[in-house]
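Colleague: this one's sequence-less:
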Ligand SMILES: [Zn+2]
């Protein structure tokens, strides 16, 4: 029995492919919800050991890359306020070849364990990289299989979803999150991924100049395709009846 008056902790589960997906694509949103005490679990399918960038000047090779990128990701998680980081230990650039049903089962197990209110992953067609599309497809299947009442959203790139019609979506399918107050955390996460961003001069400009390169908003596609048209500015606001699991 639970006699406390505290509202239950909100939980977010993000399932991505590579170290840096979380920071580069939706770092502002993760930092925003972490600052609102949302409990965040990040899953990275791979350790990004096939990344083309080796640092600037190069300080990594294929052997040292996985461990370095894991460390850089942990540091990015600290910058964003992500409390828990898990790896699926799939080799970078091979997620599309992983056994789909066992990958889906592993992610479904995680969903049962975490019991998230919000799940973030890639869109299986709009992911832009085979690893992204594959992890998105498996996570979507796992979410559907789990039967949870939480909400599933697909991360999107830059401000592409300012014009969702181009992708066959409408405005009510798009969540628009204001991350203006969290751009410094996002910048710190970019800098944490040093082997990937060392060559990007703008990242290392003085903070106020560097953050000017970020958009004010991050956009997410609703997997439920706009069943309501309100509250499109908060991933936790879509009315879902009583939150939690069916069982
Ligand atoms: Zn990626």
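Modeller: Looks like it came in fine. Note that the structure is a prediction, hence the values are computed from the model and not measured.
Colleague: drop to CA atoms for contacts and neighbour counts, all remaining ones
Modeller: Fine.
Colleague: list the buried ones in stretch 164-172?
Modeller: 164, 169, 170, 171, 172 (16 or more other CA atoms under 10 Å).
Colleague: isn't the fourth one right up against residue 164?
Modeller: Yes. Shown here, residue 171 and residue 164 form a contact pair, counting by CA atoms under 8 Å, at 6.3 Å.
Colleague: ok, then the element right after whichever strand or helix holds residue 209?
Modeller: Element membership for residue 209, per DSSP states H and E: helix 207-211. Using DSSP H and E, the next helix or strand after helix 207-211 towards the C-terminus is strand 217-222.
Colleague: contacts for that next one, please.
Modeller: The set of residues that contact strand 217-222 without belonging to it, under CA atoms under 8 Å, 6 or more residues apart in numbering, is 25-26, 28-29, 152-159, 161, 173-180.
Colleague: pull out the buried residues from those.
Modeller: Burial of these was assessed by neighbour count (16+ other CA under 10 Å); the buried members are 25-26, 28-29, 152-156, 161, 173-180.
Colleague: out of those, which sit inside helices?
Modeller: When DSSP state H is applied, the buried ones among the contacts of strand 217-222 are split such that 25, 26, 28, 29 fall in helices.
Colleague: out of those, which is nearest to the ion?
Modeller: Within these, the smallest distance to the ion is 8.9 Å, found for residue 25 (CA to the ion).
Colleague: need phi/psi at the closest residue to the closest one other than its chain neighbours.
Modeller: Take residue 25 and drop its neighbours on the chain: the residue closest to it by CA to CA, 6 or more residues apart in numbering is residue 157, 6.1 Å away. Backbone dihedrals for residue 157, given as degrees, to the nearest 10, come out at phi -90, psi 130.
Colleague: and residue 157, what pLDDT?
Modeller: Residue 157 carries a pLDDT score of 98 in this model.
Colleague: and what of residue 8?
Modeller: On pLDDT, residue 8 comes in at 73.
Colleague: surely it is in a strand?
Modeller: No. Assessed with DSSP: H, G, I helix; E, B strand; the rest coil, residue 8 is coil; it does not lie in a strand.
Colleague: OK, contacts around residue 139?
Modeller: 15, 104, 107, 108, 121.
Colleague: the fourth one reaches residue 143, doesn't it?
Modeller: Which is residue 108. Yes. In this structure, residue 108 sits in contact with residue 143. The criterion is CA under 8 Å, and the distance is 6.6 Å.
Colleague: so does the helix ranked longest in the chain get close to the ion?
Modeller: When the chain is scanned for its longest helix (criterion: DSSP H), the result is helix 62-80. No. With CA under 5 Å from the ion as the criterion, the ion is not reached by helix 62-80; the gap is at least 12.4 Å.
Colleague: and residue 79, how many neighbours?
Modeller: Taking other CA atoms under 10 Å as the criterion, the count of residues near residue 79 is 21.
Colleague: hmm, I typed the wrong one, I wanted residue 236.
Modeller: Burial of residue 236, expressed as a neighbour count using other CA under 10 Å, amounts to 18.
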